[in-house]
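Novice: Next input, structure requested:
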Amino acid sequence: MLNKTSHASRSGTARKRRSRGRPRTVVSEDVREKLLSAARELFLRYGYRAVSSRQIASAAGANVAMIRYYFGGKPGLYREICNSLLQPIRAGIDAMSHGLVTVELGALVGALMRLWAANPWLPGLLIREVLVADGPLRAMFIKEFPERLAPLVANIVRKEVERGHIRAGLDPKLVVLSMVSLGLFPFLALPVTSKVFGVSADAEVLERLIRHTNDVFAHGIVAPAGPEKSA
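Specialist: Below you'll find the predicted structure:
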């Protein structure tokens with residue numbers, strides 16, 4: 001009898017210990033979001049390489065093991081941050097690709113610009129961790145985003161050319177590059193563009209910039225050919 005009791009006690013203890021490995025759902029989501037929030041702030045302030053998993057966990061008030069549990073490590077945490085931000089744009093691309101919505105490339109450009117404006121830490125992170133010569137996140141960034149999304153948008157452009165909606169003779173891949181360039185550069189160079197051109201995240205300024213960018217993207221800057229003005 002003593003053996004059975006002892007065995008039952010040990011089994012109960014083992015079950016309790018095993019249950020600790022998986023956080024409760026509510027607590028789990030709370031910890032996960034706190035880790036994401038802390039990582040965004042620390043990556044912006046100090047850069048990806050300068051911030052350790054332990055620092056992120058400490059700022060979030062969580063155990064460092066939770067970063068590996070939820071994200072597989074610090075690189076996975078960064079990937080999740082970017083994926084969550086780009087998900088609406090990715091969904092729009094998928095919907096256009098499958099003919100579920102009308103193709104509006106200007107909407108993608110606008111969504112991209114609103115993304116940069118709403119997350120001012122993101123362009124800085126892109127410069128420090130992707131664009132520099134030894135950027136630690138360059139390979140992952142290229143694999144996860146440009147290599148996955150650019151071909152989808154280029155295929156949309158190709159189909160629009162075939163339908164006569166976009167001028168023939170344009171390289172679809174370079175059209176995508178132009179879209180990204182127009183939508184990203186004002187925020188990538190914000191310390192300069194804000195002072196020289198007045199770029200900001202202010203809603204009125206941002207929407208005016210989006211309208212202008214899409215107008216230039218769709219129509220260029222050369223006036224349509226017409227009767228020459230008299231002198």
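Novice: buried sites along the longest helix seen in the chain?
Specialist: Determined from DSSP state H, the single longest helix within the chain is helix 74-97. By neighbour count with 16 or more other C-beta atoms under 10 Å, helix 74-97 contains the buried residues 74, 77-82, 85-86, 89, 92-93, 96. To be clear about C-beta, it is placed using only N, CA and C from the backbone, and glycine gets the same treatment.
Novice: same deal with stretch 200-210?
Specialist: Result for stretch 200-210 [16+ other C-beta under 10 Å]: buried residues 200, 206, 209-210.
Novice: Mind checking which of the residues you listed are in helices?
Specialist: 206, 209-210.
Novice: Quick check: the gap between residue 114 and residue 206.
Specialist: 7 Å (C-beta to C-beta, to the nearest Å).
Novice: Hmm, I typed the wrong one, I wanted residue 128.
Specialist: 24 Å.
Novice: got the phi/psi numbers for residue 169?
Specialist: Main-chain dihedrals, residue 169, degrees, to the nearest 10: phi 100, psi -10.
Novice: Count the neighbours of it for me.
Specialist: 6 (other C-beta atoms under 10 Å).
Novice: same thing with residue 46?
Specialist: With other C-beta under 10 Å as criterion, residue 46 counts 13.
Novice: okay, it: pLDDT?
Specialist: Residue 46 is assigned a pLDDT of 83 by the prediction.
Novice: in this protein, which spans are helices?
Specialist: 2-19, 25-46, 53-60, 65-71, 74-97, 105-118, 121-126, 138-144, 146-162, 172-188, 190-196, 203-219.
Novice: Nearest to residue 132 among those helices would be which one?
Specialist: helix 138-144 (8.4 Å; C-beta to C-beta).
Novice: quick check: mean pLDDT across the closest one?
Specialist: The model assigns helix 138-144 a mean pLDDT of 86.
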